[in-house]
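Student: after the sequence you'll find the predicted model.
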Amino acid sequence: MQLDLDMLVAIRTAPNHSWMNPAERCMSLLNLALQHVALERNTMDEKFEKAIKNKSSLTAICNLAEYKEGFRAAFSTSINQVIDKINNRFSRMKLKGENIITYKGVKKEEIEDSLDIVCQFVQADHTKLNSSMNSKELHKLKDLKDFIEWHGKSCHYGFQLKKCGNCPYCVLNPIRLDDAVFNKLHFLPDPIPDETGQHYKPFDQLYGMMTNDKHRPSFANVQGLKAEADKINRDVLKSGKSRDVILCSECFKPRCVYSNTKMTREQDGILLCIREEDNYTCGDAFPVDSGLFVRESLSCNSEVEINYYGATMRHFVPPCCIYCGKTEDLLDDVDDYIQNLYTMFSVVRPLCKTCRTAGKEAKTWGKKLFAKRS
């Protein structure tokens, strides 16, 4: 919005394919610039140094800056010398004869200014939209979500936006390209297998078609080594040994965390660090020596585990839709559809209105048997 682009396409590299990304290919080169370099930030006021002493992640430091008055400015001043030194070292490096270009991070004030513009056009309350929100919280803002769904396409590895020409934003910021050129612009298609299933269809055959990313390898239920790992850990991956949950940073579904015994303080700390980093995704494994386990054969396409609804967990986790993991807008027990299912089954798993509207049926268990009348 701030750049008034007619179309935006942002793509990230798939796992194990970073060699295709020039920004990641130069990482080994940048490591050369840091050889024999000692980095040390300037000392802050004693009260700030005490506050930051036990903060072991960037998330923890950012959270501290939100409520500790004066900390943000003090830390920025303290770290500036380090940033300048790294930028200077990197800018002296070359990749294929071209100098590496470095940029400083965007300031919070600039992010807030951009959010002001977003709020004006999506009619969102700026008190609910701020720079400290994570992706899960942003997904809960209906106005913003509706705007993105109307103008964009989002998938696991890409995010695309395109002006529509009809909404208030597009009327105030009309399309700048010639109509003939703009009408030829389409969202980048997702890879789709051909009839053989061994190869993907060519790009020119798919360009202009609406596709989804259900055929990406990580979208399908993971088999092989990860399924084998679950077999090895099957004795611990049981309802009675589920101790906590962690949210996937991609699909936001809750995944059960297991351990053979009640979690120790050290294990609580490990789980807290993983949550703060917000980098857990379905299928990831926990550190081998942590004593914590998750199902590695799950993907973002997998439903919420049945163990999530077990007796061990139900007392401290909220009910969520078994398909998408949402805790809001669930069909309640007085809904006619749910009531009808309870007449036939003992257990009906939670289902949200969105998934029901999409045609999904509630998961049930324990069919009730009725004695035949003589």
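Tutor: Yep, it's here.

Student: report the contact partners of the closest residue to C300 other than its chain neighbours.
Tutor: In space, and not counting its chain neighbours, C300 is closest to C251: 3.9 Å by Cβ to Cβ, 6 or more residues apart in numbering. All C-beta atoms are positioned from the backbone trio N, CA, C, and that covers glycine. By Cβ atoms under 8 Å, 6 or more residues apart in numbering, the contact list for C251 reads 282, 300, 324-325.

Student: report the two of the residues you listed separated the most.
Tutor: Pairwise distances across these peak at 13.0 Å for C282 and C324 (criterion: Cβ to Cβ).

Student: need the overlap of contacts for these two.
Tutor: By Cβ under 8 Å, 6+ apart, C282 and C324 have these common neighbours: 251, 253.

Student: quick one: which of these two has more around it?
Tutor: More crowded of C282 and C324, by other Cβ atoms under 10 Å: C282, with 21 against 17.

Student: could I get the pLDDT score of that one?
Tutor: pLDDT, C282: 86.

Student: tell me the contacts of it?
Tutor: Residues near C282 by Cβ under 8 Å, 6+ apart: 248, 250-251, 253, 255, 298-300, 302.

Student: list buried residues within those.
Tutor: 248, 251, 253, 255, 298-300, 302 (16 or more other Cβ atoms under 10 Å).

Student: dump these into TSV; add secondary structure as well.
Tutor: Below are the buried ones among the contacts of C282 laid out as TSV (DSSP: H, G, I helix; E, B strand; the rest coil):
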residue	secondary structure
C248	coil
C251	coil
K253	coil
R255	strand
L298	coil
S299	coil
C300	coil
S302	coil
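
Student: among those, which one lies nearest to C62?
Tutor: Of all the buried ones among the contacts of C282, C62 sits closest to C248, with 20.9 Å by Cβ to Cβ.

Student: how near is the closest one to C355?
Tutor: Plainly put, C248 is 17 Å away from C355 if you go by Cβ to Cβ, to the nearest Å.

Student: can you check R275 too?
Tutor: Distance from R275 to C355, counting by Cβ to Cβ: 26 Å.

Student: between those two, which is the more surrounded one?
Tutor: Set side by side, R275 and C355 show more neighbours around C355, with 20 against 16, by other Cβ under 10 Å.

Student: buried ones in whichever helix or strand that one is part of?
Tutor: Secondary structure from DSSP states H and E places C355 in helix 353-357. Of all the residues in helix 353-357, those buried under the rule 16+ other Cβ under 10 Å are 355-356.

Student: off-centre distance for it?
Tutor: 22 Å (Cα atoms, centre = their mean, to the nearest Å).

Student: which elements pack onto the helix or strand following it?
Tutor: Per DSSP H and E, the first helix or strand lying C-terminal to helix 353-357 is strand 364-367. When contacts are defined as 3 or more Cβ pairs under 8 Å, 6 or more residues apart in numbering; DSSP states H and E, strand 364-367 sits against strand 345-348.

Student: so where's this structure shaky on pLDDT?
Tutor: 14-25, 121-128, 134-136, 217-225, 370-374 (pLDDT under 70).

Student: closest to T211 out of the buried ones among the contacts of C282?
Tutor: Taking Cβ to Cβ as the measure, T211 lies nearest C300 of the buried ones among the contacts of C282, at 17.2 Å.

Student: distance check, that closest one against I101.
Tutor: 34 Å.

Student: same thing with I192?
Tutor: According to Cβ to Cβ, I192 stands 36 Å off from I101.

Student: over to L369?
Tutor: Where I101 is concerned, L369 sits at a distance of 71 Å (Cβ to Cβ).

Student: and for D4?
Tutor: Where I101 is concerned, D4 sits at a distance of 23 Å (Cβ to Cβ).

Student: compare those two (neighbour count), which wins?
Tutor: D4 (12 against 8).

Student: scan the chain for its longest helix.
Tutor: In the chain, ranked by residue count with DSSP state H as the criterion, the top helix is helix 71-91.

Student: now the strands for this structure?
Tutor: 7-11, 94-95, 98-99, 152-154, 158-162, 242-247, 254-258, 345-348, 364-367 (DSSP state E).

Student: tell me which of those strands is the most buried.
Tutor: Mean neighbours per residue, mean count of other Cβ atoms under 10 Å, is largest over these for strand 254-258, with a mean of 23.
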